[in-house]
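In: Return atomic coordinates for the entry below.
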Amino acid sequence: MAKIRVLVVDDHTLVRDGITALLQLAPDIEVVGEASDGKEALAKTRDLKPDVVLMDLEMPVMDGLEASRRICARYPEVMVLVLSQYQDANHVLEAIEAGVKGFVNKNAASAELAVAIRSVYRGESFLSPPAARLLIDRLRRAERGLSADPYEELTPREKEILKLIAEGKTTRQIADALVISPKTVEGHRTRLMAKLGVHDRVELVKYAVRKGLISL
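Out: Predicted coordinates:
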């Protein structure tokens, strides 16, 4: 029986090694390669043609969200499964909008990870229980017409970038500080502006002042 071919993507070597060791215990799963950032993941996906890409989100050079978008667009036959330490509705929603088939938290048991890989390989969607509860709560709030503070809708990385922008940092300076690409910074900035309903850098700074993120 052919094994499910998996590409493991994470910027931490120890994490990749641990995931690979765990997956080697599954008789029907084979790790065919590893990548340390989104750009490398794209190249490895092109060269190795894995069945499933196990994708981290926060990585240098190109983050996992952007890499997932590109892989899903270029290689629709490859299933992307996010494995992330971040656990909030925004990360889950952004990953789904990018085209991924599943979302698993890094605190999940090894058995759950194997089940998730098998599920997305079959073309099914998979959400770990915490991620599913977050989405259900978001839908219930929307149905009740409850409006949340837009700041709380930002991801941790978006909040970080908002503060750096408000402090006067350039795109290049932010990219260097966070060890990500300028294009990734621009993508985060575009999304956080849309969530906050602002249209330029000046409005972002004013918003940050109102929130007490910086003082003038």
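
In: What count of nearby residues applies to Arg201?
Out: Arg201 is flanked by 13 other residues according to other C-beta atoms under 10 Å. Any C-beta I mention is one placed from the backbone N, CA and C, and that applies to glycine too.

In: Grab the nearest non-local neighbour of it.
Out: Counting by C-beta to C-beta, 6 or more residues apart in numbering, Arg201 lies nearest to Ile165, which is 6.5 Å off, once chain neighbours are set aside.

In: go on, Pro150?
Out: The shortest distance from Pro150 to any non-neighbouring residue, by C-beta to C-beta, 6+ apart, is to Leu196 (5.2 Å).

In: Does that neighbour touch Glu158 like I think?
Out: No. Counting by C-beta atoms under 8 Å, Leu196 sits too far from Glu158 to count as a contact (9.2 Å).

In: joint contacts of the two?
Out: Residues touching both Leu196 and Glu158 by C-beta atoms under 8 Å, 6 or more residues apart in numbering: none at all.

In: Pop the domain breakdown of the protein in here.
Out: Domain assignment of the chain by automatic domain parsing yields the ranges 4-137, 150-210.

In: For the ones you listed, could you give me JSON lines that also reports mean pLDDT?
Out: As requested, those are exported to JSON lines (pLDDT from 0 to 100):
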{"stretch": "domain 4-137", "mean pLDDT": "88"}
{"stretch": "domain 150-210", "mean pLDDT": "85"}
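
In: deepest of those domains, which one?
Out: Counting by mean count of other C-beta atoms under 10 Å, domain 4-137 has the highest mean neighbour count of the domains of the chain, with a mean of 19.

In: so how far is that domain from its chain's centroid?
Out: Remark: domain 4-137 is offset 9 Å from the chain centroid, using C-alpha atoms, centre = their mean, to the nearest Å.

In: next one: stretch 172-189
Out: On the basis of C-alpha atoms, centre = their mean, stretch 172-189 sits 15 Å off its chain's mean C-alpha point.

In: Just the endpoints, please. Distance across that stretch?
Out: Between the opening and closing residues of stretch 172-189 lies a distance of 13 Å (C-alpha to C-alpha, to the nearest Å).

In: Check the gap between Lys163 and Gln85 for me.
Out: Here the distance between Lys163 and Gln85 works out to 20 Å (C-beta to C-beta, to the nearest Å).

In: On the three-state scheme, the most centrally placed residue in the chain is what?
Out: Nearest residue to the geometric centre of the chain (C-alpha atoms, centre = their mean): Leu57, 3.2 Å. Going by DSSP: H, G, I helix; E, B strand; the rest coil, the secondary structure assigned to Leu57 is coil.

In: Done for today, thanks.
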